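Asker: for reference, the sequence and a predicted model appear below.
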Amino acid sequence: MVNRIFTLVVLIGIPLSVLGSIFHWPSVVMFGVYCLTIIALAGFMGRATESLAIVTGPRVGGLLNATFGNAVELIISIFALKAGLVGVVLASLTGSVLGNLLLVAGLSFFVGGLKFKRQEFNVYDARHNSGLLMFAVIVAFVIPEVFAMDMNETKTLSLSIGISVILIILYLAALFFKLVTHRGVYQHKTDLVEEHEEPEWSKMKALVILLLSTVAVAYVSENLVHTFESVGEKFGWSELFIGVIIVAIVGNAAEHASAIIMAYKNKMNIAVEIAVGSTLQVAMFVAPVLVLISLFFPQNMPLVFTLPELISMVTAVLLTISITNDGDTNWFEGATLLAAYIIMGIGFYLL
């Protein structure tokens, strides 16, 4: 039923997106059309990556899902940088971290916990990811903020570039560690009970759908960015709120849906890999790549967040680590993460 709705939305939404951009239909109306179309396209990307996950296993599958889920946000952010909306881009990165750790993980734990009393996942992966989360968010995001207080813009940008290069190298090293040198070394009993399942689509079909969906998302995203200013004025939304809540939710729709479905099927290794793995990819790859890409635009983007953004991300990381470090979840832990997300959402709305 949901898949049919997504198909219908894509078939209607893409032609409307093209016509709306050509004939300059009202920004508020087109904002809704663009968002719904991107979410529906993200649904296709989620189904394609789920098919690939069945073939490749939970770790690679979760990584693929996070990568293509973040591809949507990366595309939106590049067009936002091109438009000079640096504040929106930084806010959307914050929103991704909060959305993945609190909203996606929270909903996954909550929905899965309503069906199963306890859900287990690989505790070794959880502890490995905890250390990376601490490094990526608390070290790599907080340090530029502290040092930037006594630096001019040029030095701050130089520091951001240096940190970005280090983050990308460490992220690639982490993938090499997890997928090559230590693949299967830290196995948990949950790794051995994954049910055999037939993929919805063949490998080639899934890859083609992923490619076409990504191209369509790129086109719709560019048009979506141009509506931000008008929509913000109409509803009284700040740049910060649009980035943290709206762009983050729309940009990460694919992994939101996939992680919840995986949790409902008790495939917690994939669900956690999507939520936490996506956060690590945003912090250690997407953010630094955007810093480097911004060098080609008139307005550069240093890796310096506002104080509310930083405190929110650090809080989300510490709360997630304390809940996931035992490799066990339930619906109440999910509700705790969701409550934290709602509190932060209210705060960003009122700023």
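Answerer: Structure received. Residues are numbered from 1 along each chain as shown.

Asker: what strand or helix carries residue 151?
Answerer: Take DSSP states H and E as the rule and residue 151 turns out to sit in neither a helix nor a strand.

Asker: list the contacts for the closest residue to residue 88 other than its chain neighbours?
Answerer: Setting aside the residues directly before and after it, residue 88 is nearest to residue 243 in space (CB to CB, 6 or more residues apart in numbering), at 4.3 Å. For glycine as for every other residue, the C-beta is placed from the backbone atoms N, C-alpha and C. With contacts defined as CB atoms under 8 Å, 6 or more residues apart in numbering, the neighbours of residue 243 are 87, 88, 89, 90, 91, 92, 93, 94, 95.

Asker: let's go with 7 Å and repeat that
Answerer: For residue 243, the residues meeting the contact criterion (CB atoms under 7 Å, 6 or more residues apart in numbering) are 87, 88, 89, 90, 91, 92, 95.

Asker: and it, which of the three is it?
Answerer: For residue 243, the secondary structure call by DSSP: H, G, I helix; E, B strand; the rest coil comes out as helix.

Asker: low-confidence ranges, the stretch 151-300 of the chain, go.
Answerer: Low-confidence segments of the stretch 151-300 of the chain (pLDDT under 70): 182-197, 251, 254-255.

Asker: can you tell me which of the contacts of residue 243 are classed as buried?
Answerer: When neighbours are counted using 16 or more other CB atoms under 10 Å, those contain these buried positions: 87, 88, 89, 90, 91, 92, 95.

Asker: tabulate the residues you listed in CSV, adding columns for secondary structure, distance to residue 146 and pLDDT.
Answerer: Written out in CSV, the entries for these read as follows (DSSP: H, G, I helix; E, B strand; the rest coil; distance: CB to CB, whole Å; pLDDT from 0 to 100):
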residue, secondary structure, distance to residue 146, pLDDT
87, helix, 20, 87
88, helix, 24, 85
89, helix, 21, 89
90, helix, 17, 91
91, helix, 20, 89
92, helix, 23, 86
95, helix, 23, 89
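
Asker: relative to residue 147, which of the residues you listed is nearest.
Answerer: The shortest distance between residue 147 and any of the buried ones among the contacts of residue 243, using CB to CB, involves residue 90 and amounts to 16.9 Å.

Asker: and the gap between that closest one and residue 351?
Answerer: Applying CB to CB, to the nearest Å, the value for residue 90 to residue 351 is 14 Å.

Asker: swap in residue 230?
Answerer: 20 Å.

Asker: out of those two, which sits in the busier spot?
Answerer: Set side by side, residue 230 and residue 351 show more neighbours around residue 230, with 14 against 11, by other CB atoms under 10 Å.

Asker: could you list every helix and strand in contact with the strand or helix carrying residue 273?
Answerer: Applying DSSP H and E as the criterion places residue 273 in helix 268-281. For helix 268-281, the contact count by 3 or more CB pairs under 7 Å, 6 or more residues apart in numbering; DSSP states H and E identifies helix 58-82, helix 105-115, helix 123-133, helix 253-264 as packing neighbours.

Asker: next, format the ones you listed as a markdown table and append distance to residue 234.
Answerer: Below are the helices and strands packed on helix 268-281 laid out as a markdown table (distance: least, CB to CB, whole Å):
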| stretch | distance to residue 234 |
| --- | --- |
| helix 58-82 | 18 |
| helix 105-115 | 29 |
| helix 123-133 | 37 |
| helix 253-264 | 22 |
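
Asker: winner for burial among these?
Answerer: Compared across the helices and strands packed on helix 268-281, helix 253-264 shows the largest average neighbour count, a mean of 26 (mean count of other CB atoms under 10 Å).

Asker: done for today, thanks.
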